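In: pasted the sequence and its predicted model underneath.
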Amino acid sequence: MEFAELIKISRIDNVRLRRPGKPSMDVTVAITGHHLILSNTEDNKDIADREIWLLHRGIQSVGKETDAARSGTIGLRYKDLRVFLLDIIGPESVNALLSTLTSLSCVDEVSSSYPFFYNPGFKALEDGWCLFRPEEEYAKILQRCECMWRVSRVNAEFTVCPSYGKLNIVPNNLTDAQIVQCAKHRVGGRFPVPVYIHSVDTSFITLARGSFTVAGWRNVDDERLMAGIRGNHRKGFIICVFHDKGKTGPSKTEYDSIYPQWKRVNMKLPSVSDLRESISSLTVACNDPNSERWLSRLSSARWLSHVKEVLNGACLVAQLMEKEHAPVLILEQESVDMSLVLTSLAQVILNPDSRTLHGFEALIEREWIQGGHPFWTRHSMSSSDKETGPVFLLFLDAVFQIFTQYIRSFEFTEKILVLLADHSFSSSFGTFLCDTEKDRNNHSVREHTVSLWSYLNQVEILSVQLNSLYAPNNSVIWPSVAPMSITLWTSYYLRWVQDQKNQNYERRKISEIIERNKTAKIQALKLRKELQDLQEEALSLGLLTSEEAESIRKESDALIEQEKV
């Protein structure tokens with residue numbers, strides 16, 4: 001694609017930039033094939049935003065706010081909730097910039113996106129594309145239960161299910177030919193696949209997801225697959241996710257007759273359209289937090305209600321597996337949105353490894369990228385309204401809620417959640433490009449772009465993401481879903497309009513205190529060892545009696561107990 005054909009104007013001087021919560025300033029606007037660049041022209045060293053680079057891919061909407069005879073204002077709303085108002089002199093410049101940004105933000109060719117042109121300014125220690133190989137990740141999932149499952153390559157050419165990866169876990173007693181028949185019985189070919197196997201005592205409990213069945217006929221191989229997922233458990237639970245009150249998927253009678261050992265539970269969760277409308281309302285509210293209508297706007301946006309709903313659903317899934325010892329299969333019409341939210345959150349709750357930095361990155365790669373969430377479509381400006389919506393952001397927000405309640409159980413901080421949200425919308429890296437692994441394969445994304453994981457796992461970047469309060473917790477964690485427990489993720493939604501320096505300062509001071517405490521403990525251990533060596537030497541030289549040595553030891557133990565208190 002020739003970007004020159006879309007760029008009607010490449011530079012505009014003497015533009016007034018206005019943003020919520022920030023002082024206005026004079027800027028020069030420059031447009032490239034991938035970026036809108038706002039350069040501050042004011043001679044003021046106190047202004048931090050000397051140059052703002054914005055990817056066109058990040059634009060949510062662009063429009064003309066005001067239109068006068070000699071000037072006009074263009075309003076830009078970005079997917080990360082930023083809002084920019086550009087006051088421009090000259091109607092020709094206004095119209096040319098509006099046309100240019102509208103065209104560039106709607107470019108839908110993956111190979112024309114910025115990651116294919118990005119030249120990283122760092123040398124990766126590890127190639128992020130090789131960090132989470134499916135065969136290695138699935139081997140971890142199947143530890144201690146290899147006799148029940150195998151990794152199938154039946155979808156190696158993406159012919160069985162175009163939205164699944166090349167490798168998938170299937171029951172050991174089903175052949176690849178039977179899996180093909182199962183796929184034909186499911187919407188989009190997304191046959192039920194295990195995504196996590198939970199261990200309780202000596203029992204292995206499966207969490208799986210898949211799409212709805214094709215109505216009107218039975219499939220013996222699909223029934224065998226369902227039996228394989230249930231294993232030797234007496235019963236399992238099917239959670240049918242639906243979005244409209246009148247549409248709950250296949251009939252209950254059908255499931256009761258075909259899968260009698262599975263109990264069906266209907267779960268209503270927000271649709272992609274619901275999320276799109278909700279985040280639009282939330283953007284308006286968060287760009288005017290000092291308004292008298294702030295709380296009513298926040299409430300009417302219903303975003304926190306949606307976060308609560310998916311957390312509630314994930315807790316139910318975790319409870320069925322941990323308390324009832326029952327396998328859970330989550331079904332959704334196409335199984336590319338809310339089913340991924342539920343399975344991912346359930347793993348964060350149940351699996352301690354998912355709360356480590358490496359484990360969480362692996363979860364994103366396995367469940368969302370390999371799992372076929374349509375990032376390109378959901379975050380595209382040119383897609384139809386029915387297809388766009390911030391599903392992944394909803395998941396990250398729910399993880400943030402769990403993090404705030406169990407902050408010491410996570411190896412990482414919320415900073416990585418913010419970073420992942422930003423890069424999922426628009427990025428220099430190729431990790432979130434395309435809708436499926438098949439698309440990424442067709443566009444040679446791995447060969448021509450840099451992985452986000454290569455960037456994240458640099459030492460200087462990684463150290464910023466680590467949680468100084470982390471204390472490994474191997475237990476299941478149970479987040480509260482009470483309304484008062486669900487809070488606004490201010491470090492994401494309000495970061496552009498409210499100063500985050502105080503919050504960052506507090507965290508930095510906490511980290512410093514923790515580091516000083518660690519250093520003091522190490523020094524105390526060293527001094528105790530020196531004291532013990534001196535006591536032994538004094539005893540051997542006859543300078544100290546055994547009674548005196550015992551008295552000193554007791555005093556030392558008493559000091560240790562006081563430190564614990």
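Out: Structure's in. What do you need? Residues are numbered from 1 along each chain as shown.

In: center of the protein - which residue?
Out: Nearest residue to the geometric centre of the chain (CA atoms, centre = their mean): Leu396, 4.3 Å.

In: now name the helix or strand holding that residue.
Out: Here Leu396 sits within helix 391-405, counting by DSSP states H and E.

In: what's the answer for Val15, then?
Out: Judged by DSSP H and E, Val15 forms part of strand 11-19.

In: give me the contacts around that strand.
Out: 24-31, 38, 41, 82-89, 93, 97, 496 (CB atoms under 8 Å, 6 or more residues apart in numbering). In short, each C-beta sits where N, CA and C put it, glycine included.

In: change it to 6 Å
Out: 24-25, 27-30, 38, 84-88, 93 (CB atoms under 6 Å, 6 or more residues apart in numbering).

In: so which bits of that strand are buried?
Out: Ile12, Val15, Leu17, Arg18, Arg19 (16 or more other CB atoms under 10 Å).

In: looking at the protein, which residue lies furthest from center?
Out: Distance-from-mean max, the chain, by CA atoms, centre = their mean: Gly542 at 65.9 Å.

In: what's the separation between it and Glu536?
Out: If you measure Gly542 against Glu536 using CB to CB, to the nearest Å, the figure is 12 Å.

In: if I look at the residue farthest from the centre of the chain, how far off is Glu548?
Out: The value you get for Gly542 to Glu548, if CB to CB is used, is 11 Å.

In: just to check, Arg230 is in contact with Gly236?
Out: Yes. Shown here, Arg230 and Gly236 form a contact pair, counting by CB atoms under 6 Å, at 4.4 Å.

In: between those two, what contacts are shared?
Out: Pro327.

In: what's the closest non-adjacent residue to His379?
Out: Phe425 (5.3 Å; CB to CB, 6 or more residues apart in numbering).

In: burial of the one you found, as a residue count?
Out: Here the number of neighbours of Phe425 (other CB atoms under 10 Å) works out to 21.

In: so it touches Lys79, yeah?
Out: Yes. Phe425 is in contact with Lys79 according to CB under 6 Å; the separation is 4.0 Å.

In: between the two, what contacts are shared?
Out: Shared contacts of Phe425 and Lys79 (CB under 6 Å, 6+ apart): Gly58.

In: name the element Val284 belongs to?
Out: helix 272-286.

In: which other helices and strands contact that helix?
Out: Counting by 3 or more CB pairs under 6 Å, 6 or more residues apart in numbering; DSSP states H and E, the packing neighbours recorded for helix 272-286 are helix 294-301, helix 303-322.

In: which elements pack onto the first one?
Out: For helix 294-301, the helices and strands in contact under the criterion 3+ CB pairs under 6 Å, 6+ apart are helix 272-286.

In: what does the helix it packs on rub up against?
Out: In contact with helix 272-286 (CB under 6 Å, 6+ apart) are residues Leu81, Arg297, Leu298, Ala301, Arg302, Trp303, His306, Thr388, Gly389, Pro390, Tyr493, Leu494.

In: turn those into TSV, including distance to Phe410.
Out: Putting these into TSV (distance: CB to CB, whole Å) gives the following:
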residue	distance to Phe410
Leu81	24
Arg297	30
Leu298	26
Ala301	27
Arg302	27
Trp303	22
His306	22
Thr388	30
Gly389	26
Pro390	22
Tyr493	20
Leu494	22
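
In: for these, pick the one with the most neighbours.
Out: Trp303 (29 neighbours).

In: list the contacts for it?
Out: So Trp303 contacts Ser278, Leu282 (CB under 6 Å, 6+ apart).

In: swap in the one 5 residues further on?
Out: Each residue near Lys308 by CB under 6 Å, 6+ apart is listed here: Val481, Ile486.

In: closest one of the buried residues of strand 11-19 to Ser409?
Out: Arg19 (36.7 Å; CB to CB).

In: so what's Ser480 closest to, chain neighbours aside?
Out: Ser480 sits nearest to Gln405 (CB to CB, 6+ apart), 6.2 Å away.

In: just Asp176 next, same as before
Out: In space, Asp176 is closest to Val154, 4.0 Å off (CB to CB, 6+ apart).

In: how about Gly75, phi and psi?
Out: Main-chain dihedrals, Gly75, degrees, to the nearest 10: phi -100, psi 130.

In: circling back: what does the helix holding Leu396 contact?
Out: Outside helix 391-405, the residues touching it (CB under 6 Å, 6+ apart) are 307, 310-311, 337, 341, 344-345, 378, 410, 414, 417, 421, 424, 479, 486, 489.

In: where does the stretch 451-565 of the chain dip in pLDDT?
Out: Counting by pLDDT under 70, the low-confidence segments of the stretch 451-565 of the chain come to 501-515, 517-518, 558-565.

In: and if we set it to 80?
Out: Along the stretch 451-565 of the chain, the model assigns pLDDT under 80 to residues 500-525, 527-539, 541-565.

In: next: the chain.
Out: Scanning the chain for pLDDT under 80 picks out the ranges 1, 43-49, 66-70, 215-217, 244-257, 381-385, 500-525, 527-539, 541-565.

In: what's the closest of the contacts of helix 391-405 to Thr73?
Out: Of those, the one sitting nearest to Thr73 (CB to CB) turns out to be Ala421, at 28.2 Å.

In: my read is the closest one is in a strand, agree?
Out: No. Ala421 is assigned helix when assessed by DSSP: H, G, I helix; E, B strand; the rest coil, not a strand.

In: ok, it - contacts?
Out: Leu393, Leu396.

In: how about Leu331: what's its closest non-neighbour residue?
Out: Cys240 (5.1 Å).

In: between the helices and strands packed on helix 272-286, which one is closest to Asp288.
Out: Here helix 294-301 is closest among the helices and strands packed on helix 272-286 (CB to CB), at 7.2 Å.

In: which residues does the closest one contact?
Out: Ser278, Ser281, Leu282, Ala285.

In: mind putting these in JSON lines, neighbour count and distance to Gln178 included?
Out: Listed next are these as JSON lines, based on neighbours: other CB atoms under 10 Å; distance: CB to CB, whole Å:
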{"residue": "Ser278", "neighbour count": "22", "distance to Gln178": "41"}
{"residue": "Ser281", "neighbour count": "16", "distance to Gln178": "47"}
{"residue": "Leu282", "neighbour count": "21", "distance to Gln178": "46"}
{"residue": "Ala285", "neighbour count": "23", "distance to Gln178": "51"}
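
In: can you pick out the most distant pair from those?
Out: Ser278 and Ala285 (10.6 Å).

In: what's across from Ile205 in the sheet?
Out: His198 (DSSP bridges).

In: and it, how far is that from Trp262?
Out: Taking CB to CB, one finds Ile205 at 14 Å from Trp262.

In: same question for Ala4.
Out: Taking CB to CB, one finds Ala4 at 58 Å from Trp262.

In: show me which of those two is the more surrounded one.
Out: Trp262 (21 against 8).

In: can I assume the more buried one is in contact with Gly236?
Out: Yes. Here Trp262 reaches Gly236: they are 4.9 Å apart, a contact under CB under 6 Å.

In: give me every residue that touches Pro171.
Out: Pro171 neighbours (CB under 6 Å, 6+ apart): Gly228.

In: can you name the residues bridging to it?
Out: With DSSP bridges as the rule, Pro171 is bridged to Trp149.

In: can you check Val83 too?
Out: Arg77.
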